[in-house]
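Colleague: got a predicted structure plus its sequence, pasted below:
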Amino acid sequence: LLVLEEMANQKDLLDKMSKEIDRAEEAYGIAQVGLSDFDAKDKVEKKKEMERHVDETINNVAHGTNINSGST
């Protein structure tokens, strides 16, 4: 009888551990998606920043601004 109780307790413990592992895997998946979203937004922002810089440089060149010295 004690062996059966111990086996039942171990099965119960394994079930609880399995549920915790499932929750941890789900949280990990959510974190990966969040990280992917952050990375994608960061890349978009960097691209926009670069485009603004390129546009500004083209505008400066078109208006004869010397970018290196800051004079016109």
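Modeller: Looks like it came in fine. Numbering: from 1, shown residues only.
Colleague: in which helix or strand does the residue most central in space within the chain reside?
Modeller: Geometric centre of the chain, nearest residue: L35, 1.2 Å, by Cα atoms, centre = their mean. L35 is part of helix 2-62, with elements assigned from DSSP states H and E.
Colleague: mean confidence for that helix?
Modeller: For helix 2-62, mean pLDDT rounds to 93.
Colleague: where's it relative to the chain centroid, distance-wise?
Modeller: For helix 2-62, the distance from its own C-alpha centre to the chain's C-alpha centre is 6 Å (Cα atoms, centre = their mean, to the nearest Å).
Colleague: just stretch 45-65 next, same as before
Modeller: 28 Å.
Colleague: which one in the chain is furthest away from the centre?
Modeller: Relative to the centre of the chain, the most outlying C-alpha is that of L1, 51.8 Å out, by Cα atoms, centre = their mean.
Colleague: tell me how far that one lies from A8.
Modeller: According to Cβ to Cβ, to the nearest Å, L1 stands 11 Å off from A8. Any C-beta I mention is one placed from the backbone N, CA and C, and that applies to glycine too.
Colleague: repeat that for K41.
Modeller: Taking Cβ to Cβ, one finds K41 at 50 Å from A8.
Colleague: cool, H53 as well?
Modeller: 67 Å.
Colleague: can you count the residues close to N60?
Modeller: 13 (other Cβ atoms under 10 Å).
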